[in-house]
Each structure stands twice: as structure tokens, then as C-alpha cells.
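*Asks:* Sequence and computational prediction follow.
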Protein chains: 2
Amino acid sequence: MKRVYNFNAGPSAMPLEVLQEVQAEFLDFQHTGMSIVEISHRSAAYQAMQDDVKATLRRFLSIPDGYAVIFMQGGGSMQFVMHAANFLKRKGGYINTGVWSDKAMKAAQFFGTTYEVASSKGDGFTYIPSPDTFSVQDGTDYVYITSNNTIHGTEWQTYPSFDVPLFCDMSSDFLSRPFDVSNFDFVYAGAQKNVGPAGVVVGIIKEELLKQARTDLPDMLKYQTYVDKDSTYNTPPVFGIYFVGKVLHWLEDHGGLAAMASRNKEKADLVYSVLDSSDGFYRGHARKDSRSRMNVTFNLPSPELEAEFAAKAAEKGLIGLKGHRSIGGCRASLYNAVTLEGCQALADFMETFRQNH
Amino acid sequence: MKRVYNFNAGPSAMPLEVLQEVQAEFLDFQHTGMSIVEISHRSAAYQAMQDDVKATLRRFLSIPDGYAVIFMQGGGSMQFVMHAANFLKRKGGYINTGVWSDKAMKAAQFFGTTYEVASSKGDGFTYIPSPDTFSVQDGTDYVYITSNNTIHGTEWQTYPSFDVPLFCDMSSDFLSRPFDVSNFDFVYAGAQKNVGPAGVVVGIIKEELLKQARTDLPDMLKYQTYVDKDSTYNTPPVFGIYFVGKVLHWLEDHGGLAAMASRNKEKADLVYSVLDSSDGFYRGHARKDSRSRMNVTFNLPSPELEAEFAAKAAEKGLIGLKGHRSIGGCRASLYNAVTLEGCQALADFMETFRQNH
């Protein structure tokens, strides 16, 4: 069996051990005589599995009491709608660091007024704005940030704090490093980067915050429903939640979040060092102080060379290096399951490609 | 490997051949060197797969030009919200045949006025109302029906027609029999019964209808977005869509929808005949003219006997026979992937259980 080095931005590489485990038990989940895709979400086997996923995540992130863990569908994009549906009453403040926060702000405008607390839009989203540029207006319901910007290759190095609730779209670097849950009121992550297949969103929400939520929404749009019904108001995305659990156990077996963070830094450093020593052949999109450890975005001297780069890399089994269609260029996504060996292979390829051009 | 007879109401039994195929290629999707859960939804391999799922469904149901096939998330319950968000302007008419249409109507009330075109609620949802009881008011935007009621065990035997657009939640009998798409303006189905794992909703929508949709909604709530962006406005539930494709090909290999319909009738007849010849030991919930071929719901002489029935059945490897918590009793779900052999085993067990009590 051939396995490639997968640098896709999401859906993306998953740990081989997890894939093998899922495969091995695909016809018989925990001796139920049924596949995981066949078990009832009202069964004891399902409930035990979901309880374990939640407990593992709580242990992993030291989630304090007073926060609920929920599972939803619709990807980050449905959260662009739901966060505002629930909590936008007067004004929502956004730190605009890329396409995703821009979309969240636009979706929120259906429910009320939004404004930018800070933005790097005028500079091509090349950096995370510094705290001295933040301007939070009176009457702000929440501040919303995107922890990592897949398209632009920037990432919050340390998180800000505010006097109002802080929401964070952590889709693309969730569980790639430790973070302090208590700094946030609502964190959500589409799974399809570091933690599982597309189709499940993990949410961590402060129960105190829920008291401020709108109560007249349809049940499926209310976070309260997911908390009250333990994410099984309707049929949850069973396979996705199960898979997230497998990834959590894999993370635990591999040293947990601190180990993952240091490995991810090592991986990213490998690739960024090629950029920095390339005499301008590879030009990083992100400002150095805002560099993402998850998505390394860069340009070559011409679009033709970029196309050649991605094509030649694919021939060598290095897949997914084309940049997002909105900004072009190249991108290497280095999520948890991308191996150090894969990053070394990429760095070597980049070095050789540069020398040949 | 032990496999049980799975009578769960959803998630539910899937064809063994499909499970085996998914398992076999789980580490390497179509020689990409990646698992299906790792491939990018912007890749040629993904697009070819999704195109094939759509083309197979179109062929299967003879979907006319002017209808789009879309894939969404959030289950039927999110459609309870979306259909009204898009199309409820003046009044939505509902034929209320069970818990699901009741919930759809309730969710719709966030967006406007709803009313019952007909209802069997006063009679415990034991039947599908007859056309001579339908009362469609002036100014009705659409009539909404639920084709099969999993909880109550009733099913439309033939579909009604109206002068206004007809919407149908076909979640629990989609692809269990042929139907004429052109009779409907919008049909949707959560996959987790006859066609795949939980987490993907298949929609078939008339493009003409879209012209009447609200245009000020957030993108993720607009059907137009899914049509315009070919269901990849954001990351779709890749694994679910892929799995649906496998099931479609399995259906095709097993004679298509006509064959499936006659097999489903044969299966249901087997179980209903035990009810009907049990001298009242098994009492069917549904009126005979409204019986579902998908979900056979029945009571035994006492709740204690019902509990004993489900427990004893489980010991024999007949799983999922407890009724829905909202009405109690027993339920056997006989979706496409439940075998005739499984239904025979159930009928035999029921016969023996009755004789022993």
C-alpha cells in the first residue's frame, strides 16, 4: 500500500494508527456485531463512546467546571451563523485576520450590527493585529477571533483577553498546542484539520454565557439545545465523533498537547528555515511574528514556477501544496498527523527545487 | 466475526458488502495514497466521486432537468429550519402525521405563520390523513409532508399533489421505493436510514422554486448556495457522501428501486402477518391502510412483556426492537439493508415468543 505525504489544508492527514484501528473494527464496533455507522445514537454503546470522547477532551484541555462540551454539524461555516444567532444582540466585535473571520462577520450581519475591533485586511491579512490596535466599543456582546488562518498562514501566538466574552474559531489549530479554556467563553473547531473527518464540530461553551443567549430561536440553532440534550437532540454525526475519540487517544499516547506543540514547532521550523535561507526564492506570505505552525504559505518567483513546484512535488508523493484559490501561491499544511519525516521530505524537496531553478 | 440482525430505527443496518468495500479501501481511496477522510474536497478525486454520486442518483430516480441534487449537514432537523428560512413568506401548510412534521412546523414558526393542512395528531398519529380532509388556505407558500413516520409506523402509500409547491421529508423511506420527483418541489432525506451514515442530508430541489427563496439569509442557510457552489461552499461531509455513493451502487447491483420496493414489501408483510395472526397479542400502532414498510410499530399486552420481548430478542441477536421513547412499545425497522433472512428470524422469534406467553 502506497501512502503519500499529505499537506492538504483540510480535510487533511490523519494518524495512520488511527486509520488502521478504524479500519480493523469497521465491521464490528466494540463487539456489538454492528459497524460504528450502524449503531443507534440512543444505545448504551454509543453513549459510552461519546462520554469517553468528552471525558478525554476535558482531561486533555483541563476544561473547568461550568463549561460544556458539545458536538454539532455544518462545519465552521454554520458556526458563523450560530454564534451570532445566539449572542448578537447589540454589537459583535471581530478581529478580522482573514477570509474566515470576514465570513463570520458577514453571516452575523443577518442578526445585528458588527464592527472590526482590529483588522489586517488592508495589508492582505499578513499578520495578527497587535493588542495596542484593539478598539472595543461600548455595548459589545462579544469579541470574535480566528486562532489560525489557513489561507494566509497566520496564527495567534498568544491569545488576547477582554472584558466582554471572547469567542474563538479554533478550527485549524485546535489540539495542536495547549490553551487555557478559561480565557474563552466559546471555542469551536471543525474537526477536519487536526482531529477528525469533515462533518463534526467540537464546541466548548461556558454555561454562564448561555444565560445571555436568545431563547426564541429554532431548537437546532440554539447552543442550549446541544447542552441540554447532550448533543443528541437529533442524530449526531456518529462516525465523526467516534473518529475524534480515536484521535484524542492517539494524542494521549503520543505525549499529549505539550509534546504535540513542540513537535509542531519543530516541523514548522524545518519548513520556514528553507524559506528564510532561500535568498528570496520562497517568499513567505505571513509576517514572521505572526507565522502559523499549521499552514506555511509562500510564493515562488512566478505563478508558472509555483505550478511546476506543486506538480513536481506531487510526482514525489508530496500532495496538496497548491495555495488556496483566493490568494494563489503555495501552501503546506502541517497538522498534527503530518510527520516530521514528511516535513523533512518537503524541506529537502524545496531545497533541491530551488537549486535547480 | 459476529453480525447481529439490526432493527435500529436509524442509524441502522447498512449493506454488508458496502461496509466491506469501505473497510477494504479505507487506507487508500482510489489509489490516491490517502484515506477517504484525508482527501481534499477541492481535489479532482473528490469531485469525480461526488459527480458520480449525483449522476447515479439522477439515473436512479430519473431526476428531470431543472432539479438540482445537493448535500447538506445537520440532519433532517436542520431542514426543519432551512425549508422555512428559505420559503416561508406568508403561510406554510403542514400535513401533520407525527413527531417530525410537528417539529418542522414548530421550527418554521420562527420565520412565519404555519397551519395544519390536515392532521392525525388527535388520533395518536395512527394514520395518514385522507386527501378529502386536506384544506389548503389562500396565500400558502408550500405544503410540507413527511413521507414515513418512524415513530408511529405510518407511511404515505401514494403521494398527494397540490397547486402550491410540495416539500417532502423523505428521510426514512428515501430510496426504499421509486417515486416521481416531478411531483415535488423539494425533497430531502437524512441519510442514516436507507442510504448511509448519519451526518449527510441529500436534497433534490427544483431550480424554479429557488427563485422564490429569501435572498437575505446567511449563505449557509440558503439552498441557493448549495446549488451554486455544488455543495462545496464549505467542506462537505466527505465520508458520508462517499458512503451514499457506495450504497447507490449496491442498490443498482441489486435490481434498483423497483426490486427494492418489492423486497421491502415482502419483508414488511412477513412481520405484519405475525401481528395480524396473533389474536391481539401483538397490536399494531398504525391503521392498516397507513402501515409503513420501514417501521413496524406494535404493542404487547403489557410494558413488562415489551421489555422482556426486546431483551429476549437481543439475546438471540435481534437488536433495536425497543420503541421510540416518546410512545413506548416495540418497533422493528426494516430498511433496505435489513435482509429477508433477518425479517424471517424476527417473525419466527415473535411467533415463538407469543406461544410461550
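*Replies:* Received it, and whenever you're ready, just let me know what you need.
*Asks:* only C-alpha atoms for contact and neighbour calcs from this point on.
*Replies:* Will do.
*Asks:* what's near enough to touch A:Gly93?
*Replies:* A:Thr114, A:Tyr115, A:Glu116, A:Val117, A:Val136, A:Gln137, A:Thr140, A:Asp141, A:Tyr142, A:Val143, A:Tyr144 (C-alpha atoms under 8 Å, 6 or more residues apart in numbering or on different chains).
*Asks:* at 7 Å what do you get?
*Replies:* Contact analysis of A:Gly93 by C-alpha atoms under 7 Å, 6 or more residues apart in numbering or on different chains lists A:Thr114, A:Tyr115, A:Glu116, A:Val117, A:Val136, A:Thr140, A:Tyr142, A:Val143, A:Tyr144.
*Asks:* Between those residues, which sits nearest chain B?
*Replies:* Closest approach to chain B among the contacts of A:Gly93 (C-alpha to the nearest C-alpha): A:Thr114, at 14.1 Å.
*Asks:* Nearest to B:Tyr335 among the contacts of A:Gly93?
*Replies:* Checking the contacts of A:Gly93 against B:Tyr335 by C-alpha to C-alpha gives A:Tyr144 as the nearest, at 44.3 Å.
*Asks:* okay if I get the contacts of A:Gly93 as JSON lines plus neighbour count, distance to A:Thr97 and pLDDT?
*Replies:* Converted to JSON lines, the contacts of A:Gly93 look like this (neighbours: other C-alpha atoms under 10 Å in any protein chain shown; distance: C-alpha to C-alpha, whole Å; pLDDT from 0 to 100):
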{"residue": "A:Thr114", "neighbour count": "22", "distance to A:Thr97": "15", "pLDDT": "98"}
{"residue": "A:Tyr115", "neighbour count": "18", "distance to A:Thr97": "13", "pLDDT": "98"}
{"residue": "A:Glu116", "neighbour count": "19", "distance to A:Thr97": "10", "pLDDT": "98"}
{"residue": "A:Val117", "neighbour count": "21", "distance to A:Thr97": "11", "pLDDT": "98"}
{"residue": "A:Val136", "neighbour count": "20", "distance to A:Thr97": "16", "pLDDT": "98"}
{"residue": "A:Thr140", "neighbour count": "20", "distance to A:Thr97": "19", "pLDDT": "98"}
{"residue": "A:Tyr142", "neighbour count": "25", "distance to A:Thr97": "16", "pLDDT": "98"}
{"residue": "A:Val143", "neighbour count": "23", "distance to A:Thr97": "13", "pLDDT": "98"}
{"residue": "A:Tyr144", "neighbour count": "24", "distance to A:Thr97": "11", "pLDDT": "98"}
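*Asks:* Can I get these in TSV including secondary structure and distance to chain B?
*Replies:* What follows is the contacts of A:Gly93, written out as TSV (DSSP: H, G, I helix; E, B strand; the rest coil; distance: C-alpha to the nearest C-alpha, whole Å):
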residue	secondary structure	distance to chain B
A:Thr114	strand	14
A:Tyr115	strand	17
A:Glu116	strand	19
A:Val117	strand	22
A:Val136	coil	25
A:Thr140	strand	21
A:Tyr142	strand	19
A:Val143	strand	20
A:Tyr144	strand	17
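*Asks:* Pull the contacting residues for the residue lying closest to A:Val37 once chain neighbours are set aside.
*Replies:* What sits nearest to A:Val37 in space, not counting adjacent residues and going by C-alpha to C-alpha, 6 or more residues apart in numbering or on different chains, is B:Pro197, at 5.3 Å. Neighbour list for B:Pro197: A:Val37, B:Pro11, B:Ala191, B:Gly240 [criterion: C-alpha under 7 Å, 6+ apart].
*Asks:* How about A:Ile241?
*Replies:* Here A:Ile241 is in contact with A:Val200 (C-alpha under 7 Å, 6+ apart).
*Asks:* Now do the helix or strand harbouring A:Ala332: which elements does it pack against?
*Replies:* Following DSSP states H and E, one finds A:Ala332 within strand A:330-333. Applying 3 or more C-alpha pairs under 7 Å, 6 or more residues apart in numbering or on different chains; DSSP states H and E, we find strand A:330-333 packed against strand A:295-299.
*Asks:* Report the mean per-residue pLDDT for the strand it packs on.
*Replies:* For strand A:295-299, mean pLDDT is 97.
*Asks:* next one: stretch A:241-256
*Replies:* 97.
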